[in-house]
Every structure is written in C-alpha cells, then in structure tokens.
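[1] could you look at this predicted model? Sequence included:
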Amino acid sequence: MKSAAVVNYAPEKGSVEIREVNKPDIGEEDILLEVANVGVCGSDLHQWTADHSWPVNYPVVLGHEFGGHILEIGKRVSGWKEGDRVVSETAAIIDGNNPLSRQGLYNLDPTRKGFGYGVDGAMTRYVRVPARCLHRVPVNLAFEQACLTEPCCVAYNSVVENSRIKPGDRVIVIGPGTIGILCAAMARLCGAEVAIVGLENDKNRLSIAMQYGCEPIIGDASEWSKKRDGLGADLVIDAAGASITLKMAMQWVRPNGQITKVGWGPQPLGFSLDPIVQKNITLQGSFSHNWPVWERVIALLSGGQLDVKPIIGGVWPVTEWHEAFEKMHRGEVVKSVLKPV
C-alpha cells in the first residue's frame with residue numbers, strides 16, 4: 001500500500017517533493033501509526049531551503065510533530081491497543097546504554113536520530129514509531145492541537161526545566177516564531193511579565209503573541225528591559241534563527257541574569273562574549289525534551305491551561321505542502337498543519 005509523502009530527497013535548495021511511499025514494516029518493539037495531523041516545523045523549512053546545520057539521511061520523509069491512531073502493534077509491545085490515540089516523541093533512534101539515556105536524558109544522546117531527518121517522518125499516512133516514544137492523547141484534545149505537543153515540549157524544556165524563572169520576573173523572548181511564542185506563553189504560565197521581540201515584517205506574529213498576554217516590541221527592547229530598575233531583564237530567551245540575536249540578549253539581560261538559547265544560529269558570531277563574564281550571566285542551551293516533559297505538556301494542553309489554537313494558521317492536505325511551507329516561510333502564519341490524504 002502506497003501513500004503520498006513530503007520527501008526531502010537531496011541537500012540542494014528546494015529538493016522537496018511529493019512522492020509515493022510504501023507503508024512501512026514494523027519491528028517487534030514498534031507500532032504503526034496512522035497519522036491524523038502533522039505540524040510543519042521551522043526545521044522542515046530549513047531543510048527545504050537547504051540552510052540547516054544538521055546531517056540528513058536523504059531521501060527522508062519530513063515531519064516530526066505528529067499524532068494519530070495506532071494501526072498495528074509489534075509482538076513485544078504491551079500496554080497499547082489498536083485505535084489508541086497517541087502522540088510521539090521525536091527520538092526515533094537512541095542508544096539505551098548511553099549514560100545520558102540511562103539518566104532519562106536520551107534527548108542529549110550524541111547518537112540520537114530523529115524523525116524527519118534521521119529516519120522517515122510523518123508527512124504521510126503511515127509512520128513506524130518505537131513504542132517507547134508514545135504518549136496517550138485524551139479524547140478532549142483534537143489532533144490538530146495535539147500534534148503541536150512537540151514544539152510545546154521544546155518551549156517547556158527551555159523555560160521551565162532549563163531556565164531560572166520566578167513569578168514577577170521580567171522576561172524577553174527574541175523571535176516570534178512557533179517556539180518563541182510558545183516560550184513566551186510558558187513564561188506567562190510561570191507568572192512572568194513577558195515582552196516578545198521581532199522585526200517589522202513580524203507584525204502578524206507579534207499580534208498573535210499578544211493573545212498570550214505578551215507585550216510586542218519591534219526592534220530594540222532596551223527601554224523595556226530597563227523599565228523596572230534600569231538593570232535589565234531577569235531572563236532573555238533567544239528563540240531566533242540568527243546568531244546576532246545573542247549579542248542583543250547580552251545587552252538586554254541584567255547582571256547575574258540568564259540567557260537561554262533555544263534557537264539555532266549557524267552563522268559565526270563575530271562579536272565578543274565578554275559581557276557574559278562582566279555581567280556574571282548564565283548562558284544556557286536547551287535542546288529537545290524527554291518523557292516527563294511530554295506528560296506535563298499533554299496535561300497543560302488537555303486541561304486548557306495552554307491553548308495552541310491561536311498559532312495554527314491553517315490545515316492543508318500533504319499534497320499542498322508547498323503552500324503550507326510558503327505561508328510559514330513568509331511569516332503569514334505562525335504554524336501550518338498538514339493532514340494525510
């Protein structure tokens with residue numbers, strides 16, 4: 001049985017097209033998932049525009065933000081049944097004996113390979129998933145929202161797990177993309193006062209961030225950062241895809257404050273990191289997520305504390321992937337969602 005899939009087939013720019021792919025065979029510890037919805041991530045766009053900074057196993061089906069129903073179950077899988085509503089983590093391949101994996105930090109296993117670049121992802125009807133990646137989705141949470149559990153987990157991990165944040169803190173988020181807006185929403189849930197910074201052409205995205213109680217800023221956040229006591233923001237979250245934003249973060253953060261960098265910026269820095277020393281700043285990277293983060297985020301989504309509907313700009317059939325990608329790339333929507341055909 002074949003189905004349409006969005007395939008990144010070569011490293012050159014624009015090397016993405018619809019191809020017919022076979023329904024995958026599953027191993028004894030896998031499940032076969034029938035995809036209900038799959039979110040388009042900025043990393044999918046970066047592979048399409050060929051400005052990514054990670055190795056890709058070409059050709060590969062794109063998509064790592066997904067949920068659906070269990071269709072088949074491997075012989076050694078227990079605790080699941082056909083028809084269960086699930087979402088999947090992204091760590092498709094890990095070394096279970098790696099010291100980090102044994103600590104539950106398999107997201108930091110250097111051998112980790114994810115869906116959509118290391119193995120085939122979910123921009124198609126069927127995807128093979130290790131059973132250890134699954135999480136149950138309550139019936140009150142629609143798959144159009146549930147498929148965004150993954151970016152919500154990225155935001156939760158960066159803000160809640162990897163940042164020092166307290167109610168009343170002043171937080172600046174740089175970059176009003178999906179991750180930036182969700183980081184801002186998480187910071188608001190933690191009781192912080194939040195500003196989100198973008199460019200002139202980000203006005204639409206910034207207006208969506210306002211729905212989460214954030215103050216939008218175009219360009220320079222220096223005035224906002226010093227508004228309380230003149231010293232700067234308690235926390236700056238760099239969720240942009242350009243390296244220069246780290247320089248802005250160093251300017252806006254207060255002495256003894258923190259910068260959490262979750263956005264990828266492959267460009268060389270070209271500026272001094274001395275302010276980190278002079279201001280006694282904590283610079284924290286944040287990558288991916290793990291099992292307990294997923295459980296907390298699903299609880300937030302299903303309980304209504306976190307609403308992702310404002311960031312969803314539309315749902316397209318996978319065969320219309322190009323329009324969905326273009327609208328995100330141009331900043332017309334924050335998040336595009338695809339549906340298999």
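    It's in.
[2] list the contacts of residue 172.
    The neighbourhood of residue 172, defined by C-beta atoms under 8 Å, 6 or more residues apart in numbering, consists of 194-197, 221, 224-225, 233, 235-237, 249, 252-253. C-betas here are computed from N, CA, C, even on glycine.
[3] quick check: it is in a helix.
    No. Read with DSSP: H, G, I helix; E, B strand; the rest coil, residue 172 is strand and lies in no helix.
[4] residues contacting the residue nearest to the spatial centre of the chain?
    With distances taken as C-alpha atoms, centre = their mean, the chain has residue 151 as the residue nearest its mean C-alpha position (2.9 Å). By C-beta under 8 Å, 6+ apart, the residues touching residue 151 are 39, 41, 65, 178-179, 182, 335.
[5] out of these, who's the most crowded?
    residue 65 (32 neighbours; other C-beta atoms under 10 Å).
[6] any idea of the pLDDT on the residue nearest to that one when sequence neighbours are not counted?
    Among residues not flanking residue 65 along the chain, residue 39 sits closest, at 3.4 Å (C-beta to C-beta, 6 or more residues apart in numbering). pLDDT, residue 39: 98.
[7] also residue 310?
    Per the predicted model, pLDDT is 97 at residue 310.
[8] just residue 1 next, same as before
    Value for residue 1, per-residue pLDDT: 83.
[9] my guess is it meets residue 22, correct?
    Yes. Counting by C-beta atoms under 8 Å, residue 22 is a contact partner of residue 1 at 7.2 Å.
[10] quick one: which of these two has more around it?
    residue 22 (11 against 7).
[11] isn't that one right up against residue 32?
    No. Using C-beta under 8 Å, residue 22 is not in contact with residue 32; the gap is 12.0 Å.
[12] and for the closest residue to residue 289 other than its chain neighbours, the neighbour number?
    The shortest distance from residue 289 to any non-neighbouring residue, by C-beta to C-beta, 6+ apart, is to residue 153 (3.8 Å). Residues lying near residue 153 (other C-beta under 10 Å) number 28.
[13] next: residue 272.
    Neighbour tally, residue 272, other C-beta under 10 Å: 11.
[14] any idea how far it is from residue 110?
    29 Å (C-beta to C-beta, to the nearest Å).
[15] again, but for residue 101
    10 Å.
[16] show me which of these two is the more surrounded one.
    residue 101 (19 against 7).
[17] so what touches the strand or helix carrying the more buried one?
    Using DSSP states H and E, residue 101 maps to helix 99-102. The contact list for helix 99-102 (C-beta under 8 Å, 6+ apart) reads 94-96, 106, 108-109.
[18] got the phi and psi for residue 328?
    phi -70, psi -40 (degrees, to the nearest 10).
[19] just to check, it is in contact with residue 43?
    No. Taking contacts as C-beta under 8 Å, residue 328 lies outside contact range of residue 43: 11.5 Å.
[20] picking that back up, tell me who's in contact with the residue nearest to residue 289.
    Applying C-beta under 8 Å, 6+ apart, the residues contacting residue 153 are 288-289, 293-294, 297.
[21] taking those residues, tell me the two that lie furthest apart.
    288 and 297 (12.8 Å; C-beta to C-beta).
[22] those two: which has the busier surroundings?
    More crowded of residue 288 and residue 297, by other C-beta under 10 Å: residue 297, with 27 against 20.
[23] can you list contacts of the one helix or strand that one maps to?
    Counting by DSSP H and E, the element that carries residue 297 is helix 291-303. Here helix 291-303 makes contact (C-beta under 8 Å, 6+ apart) with 87, 89, 104, 135-138, 140-141, 145-146, 149, 152-153, 156-157, 160-161, 189, 306, 308.
[24] buried among those? Make that a ChimeraX selection.
    Listed next is the ChimeraX selection for buried residues among the contacts of helix 291-303, using 16 or more other C-beta atoms under 10 Å:
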select :87,89,135,137,141,145,146,149,152,153,156,157,160,189,306,308
